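>>> Coordinates for the following, if possible.
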Amino acid sequence: AFCRGRIVRVPKGPLIRVVGTEVAIPCSVSDYDGPSEQNFDWEFSRETDFVRIVSTWDSTFTSEEYQKRVGRGDIKLRRSSNDAVELVIRNIQPADQGRYKCSTPSTDATVQGNYDAEVQVKVISDGLSVSGSKARSSTSLRLSEGDSFKLRCSASTTSPEHTHLHVTWQVKSGSSWRDVLSLTHEGKFQPGAGYEERYRSGDVRLDTGANDTYRLSVSQASSADGGAYRCLVSEWVRGADGSWQKIQEKSVEIATVSIQRTYVVISTSNMSVTERDSLDLTCNITTDRSGIFQAEVMWYFSASPDDTLSDAQLLLSMDHDSVVSDSTLISLSHVDRNSYRLLVRDVDVEDSGYYFCEAAIWVPLHNGSWHKVVERTSAPVSVVVTALEPDYDVFLNASRTPKFSDDPTELNCRITNVQDTEANIRFSVSWYYRQHLPGDDVVPEELLASMDADWTLLPGDRGRERIQNGEIIFSKKSADTFSLRIQWTSESDRGDYFCVVSAWSRHRNNSWVKSKDVTSAPVNIFWATQDYTLTVEAVKLKPFFVAGHTFEMTCKVSSKNIKTPRYSVLITAEKPLTDQSNPNGTTRIISLNQDSVVRLEDWTDQTRVDGVVLEKVQENEFRYRMYQTQISDAGLYRCVVTAWSPGGGGMWREAVNGLSNPIQIDFQTSGPVFNVSVHSDSPTIYQGEVADLLCIVTMEGMPLEPDDMSFDVSWFAVRSFALDREPVLLASLDRRGIVTQSRRNGSSDLSLERISPLEFRLRVHGCQDHDFGNHYCQVTPWVRSATGVWQREPDIKAKPIFLSVKMDVLNAFKYPLLIGIGLATVIGLLSCLIGYCSSRWCCKKEVQETRRERRRLMSMEMD
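Model (predicted):
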């Protein structure tokens, strides 16, 4: 196992070969040093001395007796790789029987292993004989599709060695031979490619008989079985290594088989039939089969020519005993030996499609039963059934046309000049609308509604909701009249209308199929209209008034080209841009709709809920009043009027809008001017401290008594440095002294108080880091006039001040440091205690001392 050397190998002998055949003896070398391509020398010996035959590297190596055969190529070397060659001897003879030695010249650094190997070759006589049936030459067989045939060949051997025969039947339908069935040298049956299923079903068999015969039996022959058949026999022998080796092969052509196909065709090509007529088709079977046979015919119908038999509909069938399946309107008859007729009476439009027939040939067996030998399907034939269309005309007229908007419209669609109709014909209608545009612009029509064969109404996309609400009504007045009624016609309904009458035919299965459509001429629905006109005039009833008095204005409305109008009024106010309560500028105050229902819009002054009134004086005149006017009510007041006209179903339809001229409220006053500022002694504080913020109101101009003025104060905070966030309401104090605080999420608290008539203080108790930001106050002054009425002044906003909250580092770390020092002290004392106890009791070592006698010294006198 640990040694390595050159190894030269040849097959294990003896090698048995047949005289006259070609012999190839392989030789290979492995485990060698030197170049990858190795050279080989072959020598031959009949008894003792070896004679040189051929070499791969020395052309003068061949001995004289082999030079002619080597020169002719009868003996040659065929290299299969760098380390392997084959000695090829063509037409081997008995004189070539003996020992053959293969040797390799050394290319190794040291001599290791074997450098040659020998093999014994034994040449036996040719004892294999292969012949056809009765030693006749190749014959020709002409068969019909579905027939059976048998072929025989004889194969035997007289070899002195123990050899086995391998018999293969082959067919040649083109340029190459294909294996049909084999009986191997090991006694196993092996079907060729494509014959596995037929071999398992028994349609292809190989039987052995007497006198060394081998019979091929083929049943249910098809066109693929046609061609030349031969019997290929090879002789095999088991070698010394136990493997099988083929030593020779012979073949003989047995017969040429031609298969005649069976054709199934329909004699009629594509055809057209009129409805209610009969359809006549004939299926012809073309075959050259002689003798007794019966045909089985089945007729199929399909809507597509590409459908398979499983997808098609079976119409009628006749088996090989001429038994026809039952059908009322379809019949199948046997015209002659190879023709079968299909007759379909009273055809319908739904019978249009593709028809094809399938035929099978049955032959009797010796036991009296019938056997199906072939089956074919014809090409489909297209059949078109032309419907019988009724003849009629359609007339559309308008029985009622609108003169104004919301008037009714009624259209009647009549069927006239009806001819060639039967009892199984009924009519339905479809209504269409097309917008009428000037010029040549083409607008597609829109489906309003349609009726199916059962006169069920199917609404279209246009006006579906109006149809469901009953605003558009479709009806069938009589057998030949259909009507369309629009209860309230609007301007969007103006355009062209037309109807399409469909004729429906009833088929044999009681289903209804549309056979014809006739379209009426369009009817145009149009009425002349004029543009709506609406004029609104606002008038101030009292030209001069002061704050606290009542403001009155009237709105007079006039309209044209509106049928029985009603009006809705909205009072709006355009405040100055300095009014911060409404940054958009326009405020909706109060409205009155067309049904005289009053509604407060954006009026938010809870103390003056009843301070504004809007009433209808006349049909086209409205009056607006505002009691106890405030200075904040200054601005431009307008009337926004909408005209409504009656719509369909008792509804009101908006016609046109109008805007009045503005009426200005302007108060000329020389009262005081208020200013607001925010102050804090300590804008930077530490957490937990109290922040004091003062809102200081200053007054310029005419002085006022403290009892004649009051203030609404609101505090806001913006939690950012750059005022880029929404302000948050902190607390508010109204002029009655009621404090309102917003909900807070932190632990700090707020207090708001009035410390003087013009100073208000906000305190933030227990400040936290989330209390930082810009803080400002907003003040709404209230001044009592000479008449005793409180007037609201415009809101004043102070400049914000930034409140910064810092963290007290000493207080923040005081308790953690104390806790840390205390824990460290406790742990240190505990460690000392544990160490002392351990050294005292747990780890104490006892030392044994030598006992000494304790005796007192004796006095000298006693010695």
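>>> alpha carbons only for contacts and neighbour counts from here, please
Fine.
>>> Residue 644 sits in which helix or strand?
strand 635-646 (DSSP states H and E).
>>> Return that strand as PDB; C-alpha atoms alone will do.
C-alpha atoms of strand 635-646 as PDB (Å, rounded to 0.1, in the frame of the first residue of the first chain):
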ATOM      1  CA  GLY A 635     -65.700  97.900   9.100                       C
ATOM      2  CA  LEU A 636     -67.500  97.400   5.700                       C
ATOM      3  CA  TYR A 637     -70.900  95.600   5.700                       C
ATOM      4  CA  ARG A 638     -72.400  93.900   2.600                       C
ATOM      5  CA  CYS A 639     -75.400  91.800   1.600                       C
ATOM      6  CA  VAL A 640     -74.600  88.600  -0.300                       C
ATOM      7  CA  VAL A 641     -77.900  87.500  -2.000                       C
ATOM      8  CA  THR A 642     -78.600  84.200  -3.800                       C
ATOM      9  CA  ALA A 643     -81.600  83.900  -6.100                       C
ATOM     10  CA  TRP A 644     -83.300  80.500  -6.100                       C
ATOM     11  CA  SER A 645     -85.800  79.100  -8.600                       C
ATOM     12  CA  PRO A 646     -88.200  76.100  -8.200                       C
END
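>>> what's the distance between it and the middle of its chain?
Chain-centre distance of strand 635-646: 55 Å, with CA atoms, centre = their mean, to the nearest Å.
>>> Can you give the strand pairings for that strand, parallel or anti for each?
Using DSSP bridges, the strands paired with strand 635-646 in its sheet are strand 566-574 (antiparallel), strand 652-659 (antiparallel), strand 663-665 (antiparallel).
>>> what does the average pLDDT come to for that strand?
Strand 635-646 shows a mean pLDDT of 90 in the predicted model.
>>> Show residues contacting it.
Strand 635-646 is contacted by residues 406, 534, 536, 538, 555, 557, 562-576, 594, 652-666 when judged by CA atoms under 8 Å, 6 or more residues apart in numbering.
>>> Please pick the buried ones from those residues.
406, 534, 536, 538, 555, 557, 562, 565-576, 594, 652, 655-660, 662-663, 665-666 (16 or more other CA atoms under 10 Å).
>>> about what we covered before: wait, which of the strands paired with strand 635-646 is closest to residue 329?
Among the strands paired with strand 635-646, the nearest to residue 329 by CA to CA is strand 652-659 (63.5 Å).
>>> List the contacts of that closest one.
Outside strand 652-659, the residues within contact range by CA under 8 Å, 6+ apart are 532-536, 562, 638-647.
>>> do the same with stretch 486-499
Contact with stretch 486-499 is made by 396, 402, 405-410, 413, 429-436, 471-473, 519-527, 647-649, as judged by CA under 8 Å, 6+ apart.
>>> Give me the buried subset of the residues you listed.
By 16+ other CA under 10 Å, the contacts of stretch 486-499 give 396, 402, 405-410, 413, 429-436, 471-472, 519-520, 522-526, 647-648 as buried.
>>> nearest to residue 373, of the contacts of strand 652-659?
Checking the contacts of strand 652-659 against residue 373 with CA to CA, the nearest one is residue 647 at 83.1 Å.
>>> Look up how far residue 463 lies from the nearest residue to that closest one once chain neighbours are set aside.
Leaving aside its sequence neighbours, residue 647 sits nearest to residue 653 (CA to CA, 6 or more residues apart in numbering; 5.2 Å). Here residue 653 is placed at a distance of 17 Å from residue 463 (CA to CA, to the nearest Å).
>>> what's residue 476 in contact with, if anything?
Contacts were defined as CA under 8 Å, 6+ apart; by that measure residue 476 touches 482, 483.
>>> switch to 6 Å and redo it
Going by CA atoms under 6 Å, 6 or more residues apart in numbering, residue 476 touches residue 482.
>>> Quickly run through the sheet partners of the helix or strand in which it is found, with directions.
When elements are assigned from DSSP H and E, residue 476 belongs to strand 472-478. Partners of strand 472-478 in the sheet, by DSSP bridges, are strand 481-486 (antiparallel).
>>> contacts for the strand ranked longest in the chain?
Counting residues, the longest strand in the chain under DSSP state E turns out to be strand 244-260. Strand 244-260 is contacted by residues 17, 132, 138-145, 223, 226-238 when judged by CA under 6 Å, 6+ apart.
>>> For residue 127, see how far away the closest residue to residue 128 other than its chain neighbours is.
Spatial nearest neighbour of residue 128, excluding adjacent residues (CA to CA, 6+ apart): residue 157 at 4.2 Å. Residue 157 is 5 Å from residue 127, where distance means CA to CA.
>>> Comparing those two, which residue is more hemmed in?
residue 157 (17 against 13; other CA atoms under 10 Å).
>>> Return the backbone torsion pair for that one.
When quoted as degrees, to the nearest 10, the phi and psi of residue 157 stand at phi -140, psi 150.
>>> How about residue 32?
phi -120, psi 160.
>>> How about the contacts made by it?
The contact partners of residue 32, by CA under 6 Å, 6+ apart, come to residue 6.
>>> How much space separates it from residue 89?
28 Å.
>>> Likewise for residue 67?
Separation of residue 67 from residue 89 (CA to CA) stands at 13 Å.
>>> out of the two, which sits in the more crowded spot?
Looking at residue 67 and residue 89 with other CA under 10 Å, you find the greater number of neighbours at residue 89, namely 21 against 16.
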